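S.K.: Below are the sequence and a predicted model for it; my questions follow.
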Amino acid sequence: MTAIAETIRVDLGARGYDIVIAPGALRDLGKLMAPVLSRPFMVVISDENVAQHHLKAAQASLTQEDITVETIVLPPGEETKSFAALEKLVGQLLDLGVERQDVIVALGGGVIGDLAGFAASVLRRGIGYVQVPTTLLAQVDSSVGGKTAINVAQGKNLIGAFHQPALVVTDVDMLDTLPERQLLAGYAEIVKYGVLGDAAFFGWLEANGAGLLAGGSNGQSLRTEAVAKSVRAKAAIVEADEREAGKRALLNLGHTFGHALEAATGYSDRLLHGEGVAIGMGLALDLSAQLGHAGPADAERLRAHLSSVGLPASLRNIEGGALSADALLAHMMQDKKVTRGELNLVLARGIGEAFVAKNVPAEKVRDLLVQNGATQSGS
Ligand code: GLY
């Protein structure tokens, strides 16, 4: 392992696990896996895009430790998070002889992690799994905390389980093969940790975000530091509130707006998840100011940073025409955080001080969306 490796423990008692973060960590996958295996056998689940770049290296690291490796390579994309794909996957795993004590590996981004994790949660009433997240978004968010899910016609992530991984192996060198837009979208989730609970980290990102995104040898250590800082922040929240009864909801900063924007743009290339979160965080800080929780300078500071690294920071940055405020509000009212018809949103008292605001007036949200460029009616 390189000198800049970090190991972070998610302390959840019997469900606790390590997250190993390092440039080149994939090369040590076999060694790292040894303590979580009951026999030298495992199935690696990946997608076609990731497999092309990283599957051989994963296999080599595992076979070097005399682990027999089977692989399942799925089509890339959100469609793979479906009942049909789950049914096929669990059938393949059973056909490969996966037993109750076995562990499977999710080598991929959020889609593969969510699907393989959910398959692990139900296969033989629950087997272990290891996350090897290959996107920045998965490295700082979805690989940590045990949320697994598939999508159904009624909405995204509505069928799933909390099922913690046995280990997370995060190789920041994998980010070198990510398309720039994906890297930036993942960066928005890093910014989120600063905005939600760590103003000093936000300041660090203002100073180092561009270098981190640029990569190279300096970027490699900045990436390790930022991923580790983000993961530590998420781990602390998950330890305090594993099943989202309270504090974990803070991780949804920018997400209720962001999900509505993703839905209104058809979950298409018009807007990636992280881009929706970036715009959503700006809207959340605007609303915080309008409701008297924060001053307007915080939203401006956030937008200045997002724009400086090339992330969309406003509704007006979404190409393809203005979105309807009513349609966006309707999507927001479908959010999992709506309870008894009340809109609950993560707002902030300033950068680094997020809180859950209950029963936010829908009219205020609608006005804000219009001020930010959404249309009054129609779509
Ligand atoms: N992605 C939000 C959470 O894990 O709770």
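M.R.: That came in fine, so what should we check first? Numbers count the residues shown, from 1 in each chain.
S.K.: Tell me the helix or strand right after the longest helix anywhere in the chain.
M.R.: The longest helix of the chain (DSSP state H) is helix 216-240. Per DSSP states H and E, helix 216-240 leads on to helix 255-264 as the next helix or strand towards the C-terminus.
S.K.: Provide the contact partners of that following helix at residue level.
M.R.: With C-beta atoms under 8 Å, 6 or more residues apart in numbering as the test, helix 255-264 has contacts from 156, 271, 273, 276-280, 283-284, 315, 318, 323-324, 327-329, 331-332, 334-335, 337, 343, 345-346, 379. Backbone N, C-alpha and C define where each C-beta goes, glycine included.
S.K.: Buried ones among the residues you listed?
M.R.: The neighbour-count test (16 or more other C-beta atoms under 10 Å) marks 156, 271, 273, 276-280, 283-284, 315, 318, 323-324, 327-329, 331-332, 335, 337, 343, 345-346 as buried among these.
S.K.: The ligand contacts on the stretch 201-350 of the chain?
M.R.: Contacts of the stretch 201-350 of the chain with the ligand, taken as C-beta under 6 Å from any ligand atom, map to Arg248, Leu251.
S.K.: one more time with 8 Å
M.R.: Within the stretch 201-350 of the chain, the positions adjacent to the ligand are Lys234, Ile237, Val238, Glu244, Arg248, Ala249, Leu251, Asn252, His255 by C-beta under 8 Å from any ligand atom.
S.K.: how about those, which pair is most distant?
M.R.: Maximum pairwise distance in these, criterion C-beta to C-beta, is 16.0 Å, between Val238 and His255.
S.K.: how about the strands in the protein?
M.R.: Using DSSP state E, the strands of the chain run over residues 6-10, 17-22, 41-47, 68-74, 103-108, 128-133, 147-152, 155-162, 167-171, 345-348, 354-357.
S.K.: Does anything pack onto the fourth one? Which helices or strands?
M.R.: Based on contacts counted as 3 or more C-beta pairs under 8 Å, 6 or more residues apart in numbering; DSSP states H and E, the elements that strand 68-74 packs against are strand 41-47, helix 56-64, helix 83-95.
S.K.: which residues touch that strand?
M.R.: 40-48, 51, 55, 58-59, 62-63, 80, 85, 89, 92-93, 96, 112, 115.
S.K.: next one: the last one
M.R.: Strand 354-357 is touched from outside by 195-197, 246, 249-250, 253, 291, 293, 344-349, with contacts defined as C-beta under 8 Å, 6+ apart.
S.K.: Also the fifth one?
M.R.: Contact partners of strand 103-108, identified using C-beta under 8 Å, 6+ apart, comprise 29, 33, 36-38, 42-47, 50-51, 54-55, 58, 93, 98, 112-113, 115-117, 119-120, 127-135, 138, 165-166.
S.K.: out of these, which are buried?
M.R.: 29, 33, 36-37, 42-47, 50-51, 54-55, 58, 93, 98, 112-113, 115-117, 119-120, 127-135, 138, 165-166.
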